[in-house]
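*Asks:* how would this look folded up:
(one chain, ligands or ions: 1)
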Amino acid sequence: MSGFRGTRRRFLAFSNAILTAGGLASRPLAAADSHKVAEGEDYYDKLGVTKIINAAGTYTALTASTMPPSVQAAVARAAKHPVRLAELQKAAGEYIARLLHCEGALVTAGAASALTLGTAACMTMGKRAAVHNIPIDLAGLKNEVIVQKAHRYDYDHALANCGIRFVEVETIQQYESAFNDRTVMTHYFNAAEAGQIGREDWVRVAHSHGVPCFNDAAADVPPISNLWKYTQMGFDLVAFSGGKGIRGPQNAGLLLGRKDLIAAAVPNNSPNSDSIGRGMKVAKEQIVGMVAALDWFLSQTDAAMETEFRRRAERIAAQLKSIPTLEASIVIPNVAANAVPHLLLRYDQNRVKVSPLAVASELRKGSPSIELNPATGRKGGGGLPSDESTIVVGVWMLEPGEELTVAHRLHEVLGKAANA
Ligand SMILES: *Cc1c(COP(=O)(O)O)cnc(C)c1O
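*Replies:* Next up is the predicted model:
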């Protein structure tokens, strides 16, 4: 504890310095400064970072979503007070579990963290020492995760972090016979575009072997009811991103599911230092922001959201009527992820002499800088019928009014190419 005493002496010196400086600090702030404090200084401007118009969607590299005003306010308010972290984690989890009609819930540092913590929970449940041992020492632990070959994806790493190995299956017979005494969990990618085994069969077979199953539904709202659909279907654990369609903090997410598994995830999570999740810290602001975002999201309706996104898409299409050969359609992707109206634009490149990829690049270089959906100019991205001659506008992350700016810039670039 001598370190503490040293700290205390420094703390006293520090307080004296504050008292001395008190006269200075209590002087009224200059007008410009008080404005900076009230509004928050614009650090993007200060750092020279370009603000963008997000006509793409909830892509992490584009910082995904923005928080609605009520969520921003709740985050700012939470920042003003320290609390006991465990108490906040527990209360937030219980509140979310009630809201989303599941047994248990944990706010994680995103869906990827939920995948790691949920896997760790399955491996370490009832084996407290194992929390400290994974992923290096797996002695006595089950470590095989069964997955459909077509469900292998970029987020495999989040599970692999725990030291597991994947066992791939394709048919239901292969699935049945893949279980053994090392099977710790089965994993399902909810928005997969392929795979022979459906959700209900997947759950039923796992449960007949007494093995928990996990569903990664990170990007799969709306519809809002998906937040309880998969836990009620029988999945033991379900992951959602907090900062995609739910529009919570970008570094928050949800692990939902069975009470005993959520409880087993907790010792694997921050603030426990010797655990796989210590680097997945969720601060009080993000925990509160996640809860506030769910309150906001559940106050919306699927119908009203869809109507608004269609209105934006139609508004952009209406502004482009004069572009020769251009055809607009509004499409909802045919996978579970990002299931909201997107605007697809096709035109004859012999008549409008610019490729969709070149349009995307022009909009990116412009001011304001606009990002179109990454399926633009590419074949079949994310369940959309796009190809080399399609522009895809993701309208759901636009701020009100930005659809007009996007329409204006598209008109400028396409109109110029039509007259070239
Ligand atoms: C986005 C996504 C993730 C990761 O979500 P984060 O909240 O960014 O950690 C995991 N799985 C799928 C399928 C996703 O779409």
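*Asks:* Going by C-alpha atoms from here, please, whenever you check contacts or count neighbours.
*Replies:* OK.
*Asks:* quick one, what contacts residue 172?
*Replies:* Neighbouring residues of residue 172 by C-alpha atoms under 8 Å, 6 or more residues apart in numbering: 196-197.
*Asks:* Next, count neighbours for residue 174.
*Replies:* Close neighbours of residue 174, defined as other C-alpha atoms under 10 Å, add up to 12.
*Asks:* Let's verify it: helix, strand, or coil?
*Replies:* helix (DSSP: H, G, I helix; E, B strand; the rest coil).
*Asks:* Can you give me the distance of it to the ligand?
*Replies:* Between residue 174 and the ligand the computed distance is 24 Å (C-alpha to the nearest ligand atom, to the nearest Å).
*Asks:* near the ligand, which residues of the stretch 1-150 of the chain show up?
*Replies:* Counting by C-alpha under 6 Å from any ligand atom, the stretch 1-150 of the chain comes close to the ligand at 110-113.
*Asks:* for the helix or strand in which residue 411 is found, which positions count as buried?
*Replies:* Element membership for residue 411 (DSSP states H and E) is helix 402-418. In terms of neighbour count (16 or more other C-alpha atoms under 10 Å), helix 402-418 has its buried residues at 402-403, 406-407, 409-411, 413-415, 417-418.
*Asks:* Stretch 278-286 too?
*Replies:* So stretch 278-286, judged by 16+ other C-alpha under 10 Å, has buried residues 280-286.
*Asks:* circling back: CA-only coordinates of the helix holding residue 411, as CSV, when you get a sec.
*Replies:* Only the C-alpha atoms of helix 402-418 are listed here, as CSV (Å, rounded to 0.1, in the frame of the first residue of the first chain):
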residue,chain,number,x,y,z
GLU,A,402,-28.9,15.2,-46.6
GLU,A,403,-30.8,13.2,-49.2
LEU,A,404,-31.1,16.5,-51.2
THR,A,405,-27.3,17.1,-51.1
VAL,A,406,-26.8,13.5,-52.3
ALA,A,407,-29.3,14.0,-55.1
HIS,A,408,-27.7,17.3,-56.1
ARG,A,409,-24.2,15.8,-56.3
LEU,A,410,-25.4,12.7,-58.2
HIS,A,411,-27.3,15.0,-60.7
GLU,A,412,-24.2,17.1,-61.1
VAL,A,413,-21.8,14.2,-61.9
LEU,A,414,-24.3,12.1,-64.0
GLY,A,415,-25.6,15.2,-65.8
LYS,A,416,-22.1,16.2,-66.8
ALA,A,417,-21.3,12.7,-68.1
ALA,A,418,-24.5,12.7,-70.1
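*Asks:* which residues are in contact with it?
*Replies:* 53, 55, 312-313, 315-317, 319-320, 323-324, 351-354, 359, 362-363, 370, 395.
*Asks:* swap the cut-off to 7 Å and go again
*Replies:* For helix 402-418, contacts defined as C-alpha atoms under 7 Å, 6 or more residues apart in numbering pick out 312, 316, 319-320, 323, 351-354, 359, 363.
*Asks:* Relative to the ligand, which of those is nearest.
*Replies:* residue 312 (23.9 Å; C-alpha to the nearest ligand atom).
*Asks:* Remind me what the host helix or strand of the closest one packs against, helices and strands.
*Replies:* Using DSSP H and E, residue 312 falls within helix 302-319. In terms of contacts (3 or more C-alpha pairs under 7 Å, 6 or more residues apart in numbering; DSSP states H and E), helix 302-319 is packed against helix 402-418.
*Asks:* coming back round to it: could you dump the buried residues of stretch 278-286 to a markdown table with distance to the ligand and pLDDT?
*Replies:* Output for the buried residues of stretch 278-286, formatted as a markdown table (distance: C-alpha to the nearest ligand atom, whole Å; pLDDT from 0 to 100):
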| residue | distance to the ligand | pLDDT |
| --- | --- | --- |
| 280 | 10 | 97 |
| 281 | 13 | 97 |
| 282 | 12 | 98 |
| 283 | 15 | 98 |
| 284 | 17 | 98 |
| 285 | 16 | 98 |
| 286 | 12 | 98 |
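*Asks:* Would you confirm that residue 180 belongs to a helix?
*Replies:* No. Counting by three-state DSSP, residue 180 falls outside a helix, being coil.
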